[in-house]
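**Student:** quick one, structure for this:
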Amino acid sequence: MLFKVLKMILAIIILLVIVMMVFFVFKGRASQQGQAPGLQSGALASCPDSPNCVSSETGTPESHSISALNYSDAPEQAWQRVVSAVNATGGRVQADTGEYLAATYHSSLFGFVDDLELRLDSENNKIQVRSASREGYGDMGANKKRTTALQHAFNN
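**Tutor:** Below is the predicted model:
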């Protein structure tokens, strides 16, 4: 009797795991649709209330705030370094005007897509950064980790 109950519990657990995996696969595919929000009135878009976005733009709430990339070389050289840093950290550049860049990052397990956007702020010798998940609510700190890795690659 106990063996039958344990077998049934195991079957239910396996079924739940399969259902959850199918759900995440479909959500991952859904996140592959769309694109980064782009510039809005000359700045990167604001983060939503969900904790799956970080930004360096002025006015970003502390809970979403990160540091911009600072540079002291020529803006064109800094831009080339940041493009190299995006490539080095696994980003796929989708658009690059020389003053705005949109790149995507894909999670390895379910293929979720996150958007990274950069804006050249040559007046302040900064490159503003925004990284956000397209789907879901939380990101387990992935966007903050990504921008930290980008900062490291940019500075080295």
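**Student:** all helices of this protein, in order?
**Tutor:** Secondary structure of the chain (DSSP state H): helices located at 2-31, 75-88, 142-155.
**Student:** select, out of those helices, the one closest to V113.
**Tutor:** helix 2-31 (4.4 Å; C-beta to C-beta). All C-beta spots, glycine's among them, are computed from the backbone N, C-alpha and C.
**Student:** can you put the helices of the chain in a markdown table and add mean neighbour count?
**Tutor:** As requested, the helices of the chain are exported to a markdown table (neighbours: other C-beta atoms under 10 Å):
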| stretch | mean neighbour count |
| --- | --- |
| helix 2-31 | 11 |
| helix 75-88 | 17 |
| helix 142-155 | 18 |
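**Student:** among those helices, which comes closest to G59?
**Tutor:** Nearest of the helices of the chain (C-beta to C-beta): helix 142-155, 17.5 Å.
**Student:** for the residue lying closest to G59 once chain neighbours are set aside, phi and psi?
**Tutor:** Excluding the flanking residues, the one nearest G59 by C-beta to C-beta, 6 or more residues apart in numbering is S46, at 7.5 Å. Phi and psi for S46, reported as degrees, to the nearest 10, are phi -70, psi 150.
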